[in-house]
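Colleague: Output the structure for:
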Amino acid sequence: MKTPIRFTALALSLMFASGAALADMKIGVSMSQFDDTWLTYLRESMDKKAKSYPDGVQLQFEDARSDVVKQLSQVESFISQKVDAIVVNPVDTAATKKITEAAVKAGIPLVYVNRRPDDLKLPKGVVTVASNDLEAGEMQMQYLADKMGGKGDIVILLGDLANNSTTNRTKGVKEVLAKYPNIKVEQEQTGIWLRDKGMTLVNDWRTKGRKFEAVVANNDEMAIGAAMALSQAGVDKGSVWIAGVDGTPDGLNAIKKGNMTVSVSQDAKGQADGSIDTAVKMAKNEPVEQAVWVPYRLITPQNVDTFK
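Modeller: So this is what the prediction gives:
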């Protein structure tokens, strides 16, 4: 009679232990920086996704503050804490090799989110969740080229030069420009993703007498800064086409008000859900795709109300 009781107790013990596994799951997340508008939405969406699991998944967020060395140190700290998985939004997409090597050596699943490492041949146990930045540049520039009638001058506001999102979005822009020889790039400079930098650059260009029909920005923040500079200079709203990328709430509002012409939605929730889902599956030894792509969508004055 005692054997069934012992068996039942053992079964219950195993059941509780199994149930605790997900509740105790801990994922270390190193963000390139906290003080970035779009990355804030990404981080908040990751937190919501983690809390949506029935037993919960604990995320430990760290701010790398745009410091490659600090980010590697954070990853090494996650490894020493024996987290179940690591998610990294890299500071420098060309400097991820040591992060990858450390995670693989420790046998801890690694997910790169939003920014794909420059090394596209990643080892087993390392996955990327991102959007195709080339596509974003193509979409915004094609929309502007049509609006401009295939001719005129543009200026380009670049993101952080250490980020391949900057490289690929700009590459997409220039692939479209190759089809329009009568559209010229008047100026091209980095605003490092920041609104005030975008504003300063556009103001400086105008002060120096630079003329342009459109502003192509690698993100919404710089595009909004450009719109602010033009407004302060007394330029009529809508007389200069302005394009951004991300589809942030501020970007959507700028399109609704006519301050921006167009943006391209980068799905923060889609990337967040994809990264946490993938990290959880990898921690449980479930199969995953090595490259998870979250599509971009064009945002215009005609469809802006369908975005949130």
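Colleague: And the strands in this structure?
Modeller: Counting by DSSP state E, the chain has strands at residues 26-31, 58-63, 85-88, 110-113, 126-130, 152-158, 183-190, 214-217, 241-243, 263-265, 291-293, 297-299.
Colleague: Same list (these) but as a markdown table, adding mean pLDDT.
Modeller: Putting the strands of the chain into a markdown table (pLDDT from 0 to 100) gives the following:
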| stretch | mean pLDDT |
| --- | --- |
| strand 26-31 | 98 |
| strand 58-63 | 98 |
| strand 85-88 | 98 |
| strand 110-113 | 98 |
| strand 126-130 | 97 |
| strand 152-158 | 98 |
| strand 183-190 | 98 |
| strand 214-217 | 98 |
| strand 241-243 | 98 |
| strand 263-265 | 97 |
| strand 291-293 | 94 |
| strand 297-299 | 97 |
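Colleague: would you list those in CSV and tack on mean neighbour count and distance to Gln71?
Modeller: The way it works is simple: take the backbone N, C-alpha and C, and place the C-beta from them, glycine included. Converted to CSV, those look like this (neighbours: other Cβ atoms under 10 Å; distance: least, Cβ to Cβ, whole Å):
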stretch, mean neighbour count, distance to Gln71
strand 26-31, 23, 5
strand 58-63, 16, 8
strand 85-88, 28, 7
strand 110-113, 26, 12
strand 126-130, 23, 15
strand 152-158, 23, 22
strand 183-190, 16, 21
strand 214-217, 29, 26
strand 241-243, 27, 30
strand 263-265, 28, 27
strand 291-293, 16, 21
strand 297-299, 19, 30
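Colleague: okay if I get those as CSV plus distance to Leu230?
Modeller: What follows is the strands of the chain, written out as CSV (distance: least, Cβ to Cβ, whole Å):
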stretch, distance to Leu230
strand 26-31, 32
strand 58-63, 33
strand 85-88, 37
strand 110-113, 34
strand 126-130, 32
strand 152-158, 11
strand 183-190, 14
strand 214-217, 8
strand 241-243, 8
strand 263-265, 17
strand 291-293, 35
strand 297-299, 20
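Colleague: got the domain boundaries for the chain?
Modeller: Using automatic domain parsing, the domain parsing of the chain gives 2-131+268-294, 133-265.
Colleague: Let me know which of the ones you listed is tucked in deepest.
Modeller: Comparing these on average neighbours per residue, with mean count of other Cβ atoms under 10 Å, the densest one is domain 133-265 at a mean of 20.
Colleague: For that one, measure first residue to last.
Modeller: One end of domain 133-265 to the other measures 11 Å (Cα to Cα, to the nearest Å).
Colleague: Can you give the distance of that domain from its chain's centre?
Modeller: Offset of domain 133-265 from its chain centre (Cα atoms, centre = their mean, to the nearest Å): 18 Å.
Colleague: ok, now stretch 44-57?
Modeller: With Cα atoms, centre = their mean, you get 19 Å for stretch 44-57.
Colleague: Need the contact partners of that stretch.
Modeller: Contact partners of stretch 44-57, identified using Cβ atoms under 8 Å, 6 or more residues apart in numbering, comprise 19-20, 22-23, 25-27, 29, 58-59, 61, 87, 113, 268-269, 271-273, 275-277, 280.
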